[in-house]
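**Student:** Have a look at this fold, sequence not included:
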């Protein structure tokens with residue numbers, strides 16, 4: 001007998017749902033045979049719903065990472081390929097980490113010793129490339145699961161499993177230390193769902209959350225969750241959360257900071273600080289201005305956080321040094337600089353005039369910052385530093401900073417101002433061989449004093465201007481004399497209204513006539529031409545004309561009165577034509 005051939009694509013009339021029902025009875029290991037059978041089977045085998053069924057049947061959980069093309073298929077094939085060369089203990093560890101609930105349940109049912117302290121001797125670890133000895137129990141699995149995000153179903157299953165087995169059958173039951181490790185890992189990863197579940201099933205976790213100290217709180221929502229769960233956030237480190245503006249402000253509003261004296265112990269009360277009874281701890285302001293893990297170009301804490309810290313009495317050992325260090329940053333906030341300057345002046349009880357010498361952005365030619373410092377009275381552009389004996393312009397010339405020289409000259413720096421320990425700026429530029437700066441200083445000096453070529457040129461232009469004025473006066477006198485010598489008197493005849501005025505009046509009359517005709521003939525157009533009635537009542541005022549054109553959505557060629565009238569006339573003529581056609 002001849003072998004019956006397989007049905008081709010054209011002869012196969014089964015619906016796709018039937019094929020999916022058939023394929024769901026197979027396993028992922030049959031992929032190669034199915035795909036090589038025919039094109040139809042290959043296309044149907046790539047369906048997302050089919051591989052989603054395989055994932056939930058053989059592995060459980062969700063694919064990682066999710067929301068990728070063919071995520072279910074890649075997750076099934078990748079997980080099975082990873083587990084194939086591993087021993088049972090490592091396979092169980094990987095399944096727990098990836099949240100494969102179905103696979104973990106099957107492995108526990110087949111080999112319950114995976115969670116009972118069984119040791120594996122001489123296991124070769126491909127990561128560290130050495131033989132190691134491992135022990136697996138419930139505590140280890142819970143700790144592994146707690147270190148993963150979106151692994152709550154696996155954590156619930158393991159917890160229920162260890163609670164269902166009597167303690168005498170577990171070599172390593174879940175102890176307090178394991179619970180604390182799990183809480184620490186969940187807090188460090190801000191795993192709110194898993195931590196909420198652990199707090200709901202374990203009293204030890206509740207006690208530990210209420211007594212432990214907290215560092216990085218990650219976000220405002222996670223901090224509020226910890227507060228709801230009874231966590232004491234008064235010990236939280238504001239310095240580690242100061243870069244998060246909303247979270248830092250929330251901590252400042254919630255916590256009552258105390259500046260502890262090492263000798264006496266109790267906090268020092270501060271009167272008149274609003275709702276706070278104690279000051280923020282020392283060092284928080286410095287962490288806000290100089291974040292330890294960020295570069296200078298990344299900025300600092302938000303302005304609102306710095307403002308609240310200063311308002312509530314944040315202290316510093318040396319406000320002058322703090323101001324100088326902040327001014328040397330590559331990125332600074334003008335407002336924060338002003339607040340620190342005010343604190344420094346209150347501490348020193350005198351006006352600070354040397355701030356501009358330490359602002360690093362001035363070396364890049366930041367004229368706006370220099371003008372701001374002059375505006376708030378923080379510096380004088382010609383001030384001589386008491387220790388260095390030089391002005392800002394002399395320092396810029398000595399460094400050869402052309403951009404800074406231009407900025408200082410634009411802000412009114414005196415190019416001839418001399419310090420106590422250096423020559424004039426133009427002399428310094430000559431000594432150092434800086435021709436570009438020499439030209440800038442020479443131009444600024446000539447503008448300042450009004451001498452040299454510019455002065456002579458201005459005087460020459462002034463003389464030429466006087467000569468032109470005298471020539472014009474003579475020509476005017478000659479014209480007047482010529483008019484007087486004329487014997488015939490020109491009779492001035494009063495001309496009628498100009499053509500422009502006549503045209504305007506004609507347009508107004510035409511608009512009045514068309515408006516009256518429309519109101520009498522077409523009752524539906526009465527509301528439409530209501531703005532024109534207001535224009536007529538206002539005697540064709542320019543403002544009313546513009547408003548009428550805007551109301552009627554007209555587009556005149558210009559905003560002159562004649563063009564506005566012409567646009568209204570054209571509109572009325574169109575309405576008249578429509579009304580005549582209907583009649």
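**Tutor:** Cool, the structure landed. Keep in mind that what you see is a predicted model, and the values were worked out from it rather than measured.
**Student:** Can you get me a residue count around the spatially closest residue to residue 561 that is not a sequence neighbour?
**Tutor:** Of all residues not flanking residue 561 in the chain, residue 542 sits nearest, at 5.6 Å (CB to CB, 6 or more residues apart in numbering). C-beta: built from backbone N, CA, C; applies to glycine. For residue 542, the count of nearby residues is 13 (other CB atoms under 10 Å).
**Student:** Residue 373 too?
**Tutor:** 23.
**Student:** Helix or strand: which one has it?
**Tutor:** Using DSSP states H and E, residue 373 sits in helix 367-375.
**Student:** For that helix, name the packing helices and strands.
**Tutor:** helix 402-410 (3 or more CB pairs under 8 Å, 6 or more residues apart in numbering; DSSP states H and E).
**Student:** Using neighbour counts, pick out the buried residues of the helix it packs on.
**Tutor:** By neighbour count with 16 or more other CB atoms under 10 Å, helix 402-410 contains the buried residues 404, 405, 406, 407, 408, 409.
**Student:** and the angle for it with helix 367-375?
**Tutor:** Using axes from the mean of the first three to the mean of the last three CA atoms, to 10 degrees, one finds that helix 402-410 and helix 367-375 are set 40 degrees apart in direction.
**Student:** so how far is the helix or strand just after helix 402-410 from its chain's centroid?
**Tutor:** Counting by DSSP H and E, the next helix or strand C-terminal to helix 402-410 is helix 425-432. In terms of CA atoms, centre = their mean, to the nearest Å, the centre of helix 425-432 is set 46 Å apart from its chain centre.
**Student:** Can you name every helix or strand that helix 425-432 contacts?
**Tutor:** Contact here means 3+ CB pairs under 8 Å, 6+ apart; on that basis helix 425-432 packs against helix 392-399, helix 435-449.
**Student:** Run the angle between the longest one and helix 425-432 for me.
**Tutor:** Spelled out, it's helix 435-449. In terms of direction (the same axes, to 10 degrees), helix 435-449 departs from helix 425-432 by 160 degrees.
**Student:** quick one: average pLDDT of stretch 347-361?
**Tutor:** Averaging pLDDT along stretch 347-361 gives 77.
**Student:** Would you pull up how far stretch 378-388 lies from the middle of the chain?
**Tutor:** Worked out by CA atoms, centre = their mean, stretch 378-388 lies 38 Å from the chain centre.
**Student:** How far does that stretch stretch from one end to the other?
**Tutor:** 18 Å (CA to CA, to the nearest Å).
**Student:** quick one: buried residues of that stretch?
**Tutor:** Within stretch 378-388, the residues that count as buried by 16+ other CB under 10 Å are 378, 379, 380, 381, 383, 384, 385.
**Student:** And the strands in the chain?
**Tutor:** 116-125, 130-137 (DSSP state E).
**Student:** weakest of these in terms of mean pLDDT?
**Tutor:** Among these, strand 116-125 scores lowest, with a mean of 46.
**Student:** And the residue lying closest to residue 176 once chain neighbours are set aside, how close does it get to residue 212?
**Tutor:** Leaving aside its chain neighbours, residue 176 sits nearest to residue 204 (5.3 Å; criterion: CB to CB, 6+ apart). As for residue 204, its distance to residue 212 is 12 Å (criterion: CB to CB, to the nearest Å).
**Student:** which residues do these two both contact?
**Tutor:** residue 180 (CB atoms under 8 Å, 6 or more residues apart in numbering).
**Student:** before we move on, back to that, make TSV out of the helices and strands packed on helix 425-432 and add mean neighbour count.
**Tutor:** What follows is the helices and strands packed on helix 425-432, written out as TSV (neighbours: other CB atoms under 10 Å):
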stretch	mean neighbour count
helix 392-399	23
helix 435-449	16
